[in-house]
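Chemist: Can you look at this prediction? I've put the sequence above it.
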Amino acid sequence: MRWDKRYLGWGLCVALLLFFSACSSTARVERPIISVSLLPEKYFVERMVGDLAEVHVVVPRGSNPETYDPSPRDIAMLQSSVAYFAIGSLPFEAQWVAILPKEVAYIDLGKQLPKALQVGSLEGHLHALGDPHYWTSLSGGEAMAKAILVALEELFPEHREEIEANYKAKVAPELEEIKQLGTEVLKGREGLAFVIYHPSLTLFAREWGLTQLPIEEDGVEPTSKYLVALIERARSLDTKVVLVQAEFDIKNAEAVASELGLRVVAIDPLAEDWGAEMKQLIEIFR
């Protein structure tokens, strides 16, 4: 009987552990889901929404958002979300509007941008929206954060004060810190140039007075003639560095860097820690 009681006691403990684990798992599953296209959006949404929702990112780390084909799991997660925050310029996003249940709020962040971020000619990259990589600039990050704040307050009106407090404590200070760092490092250094394979830093260059020299020509591999002209232009400017991204072929970038005698530096505009990436990007030009 002693052994039976002991085993009974162990069994009861195991049953209780399984019960509480199941309850915990159920609690996590029952949290509403907010879907976002890219990791930088998750950075802002999570900081503001806290534990009110789970954030699902459609495009995984290391994938090219402009060619990514969402998986069946992505579609299932999206259709069960309370909201979907779209960048507004990615090819797959427009197709998803038609399959969204009416209960899913569709927030096109691109349409919430100030006009200054929506218009203008973009060297090496043609999009109707304007710069499709607006989050890679401080001004674009600020605009995106404010648009997300407004949308979250509408989605969770009963938690408006909590979301606002999270923005003031976890987002606004980071934006101010990046602004101060950019001013410290880049003020007075206007005119510096950089070569980049994919022209994802158009607004970043514009707001700090830098010149972006893209290797990619209108979204396709550059011709030999184009590369020769690019190298000549880079030599005529105060060009400091060649930037590369993991999502794109870096062979042409390495060849240009070798020809110009410049170092190659990897950047990650799609990093989840948007704040850390922005600071690292600014520090490259110190």
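Modeler: Right, received. Where do you want to start? Numbers count the residues shown, from 1 in each chain.
Chemist: ranges for the helices of the stretch 1-150 of the chain?
Modeler: 2-30, 39-49, 72-79, 91-96, 115-118, 138-155 (DSSP state H, counting those that start in this stretch).
Chemist: Give me the domain ranges for this structure.
Modeler: The chain breaks down into these domains under automatic domain parsing: 28-182, 187-283.
Chemist: Output the ones you listed in CSV; the columns should cover mean pLDDT and mean neighbour count.
Modeler: For every residue, glycine as well, the C-beta is placed using N, CA and C. Shown next, in CSV, are those (pLDDT from 0 to 100; neighbours: other C-beta atoms under 10 Å):
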stretch, mean pLDDT, mean neighbour count
domain 28-182, 87, 17
domain 187-283, 92, 17
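Chemist: quick one: contacts for the closest residue in space to residue 45 that isn't next to it in sequence?
Modeler: Distance criterion C-beta to C-beta, 6 or more residues apart in numbering; nearest residue to residue 45, sequence neighbours excluded, is residue 55 at 5.3 Å. Residues near residue 55 by C-beta atoms under 8 Å, 6 or more residues apart in numbering: 33-36, 42, 45-46, 49.
Chemist: Distance-wise, check residue 150 relative to residue 175.
Modeler: Distance, residue 150 to residue 175, by C-beta to C-beta, to the nearest Å: 16 Å.
Chemist: re earlier: which one of the contacts of residue 55 is nearest to residue 258?
Modeler: Closest approach to residue 258 among the contacts of residue 55 (C-beta to C-beta): residue 42, at 36.4 Å.
Chemist: Please name the residues that touch the closest one.
Modeler: Shown in contact with residue 42 (C-beta under 8 Å, 6+ apart): 36, 55, 57, 272.
Chemist: got it, and residue 86?
Modeler: 37, 93, 96, 106-110.
Chemist: Rebuild the residues you listed as TSV, extending it with distance to residue 281.
Modeler: Output for the contacts of residue 86, formatted as TSV (distance: C-beta to C-beta, whole Å):
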residue	distance to residue 281
37	21
93	25
96	30
106	30
107	26
108	26
109	20
110	21
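Chemist: Just the ones of those in strands?
Modeler: 106-108 (DSSP state E).
Chemist: For the residues you listed, give me TSV that also has distance to residue 66.
Modeler: TSV is the format used below for the ones in strands among the contacts of residue 86 (distance: C-beta to C-beta, whole Å):
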residue	distance to residue 66
106	20
107	20
108	17
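Chemist: ok, so of those, who is nearest residue 67?
Modeler: residue 108 (20.4 Å).
Chemist: Wait, that closest one touches residue 88, no?
Modeler: Yes. In this structure residue 108 lies within contact range of residue 88 using C-beta atoms under 8 Å: 4.6 Å.
Chemist: anything in contact with each of those two?
Modeler: By C-beta under 8 Å, 6+ apart, residue 108 and residue 88 have no common neighbours.
Chemist: if I look at residue 107, how far off is residue 100?
Modeler: 11 Å.
Chemist: residues shared between the contacts of the two?
Modeler: Common contact partners of residue 107 and residue 100 (C-beta under 8 Å, 6+ apart): residue 84.
Chemist: show me the contacts for the residue nearest to the spatial centre of the chain.
Modeler: The centre of the chain sits closest to residue 40, judged by C-alpha atoms, centre = their mean, with a distance of 2.5 Å. Residue 40 is in contact with 135, 141, 144, 269-272, 274, counting by C-beta under 8 Å, 6+ apart.
Chemist: closest to residue 187 among the residues you listed?
Modeler: Taking the contacts of residue 40 together and measuring to residue 187 by C-beta to C-beta, the closest member is residue 141, at 18.9 Å.
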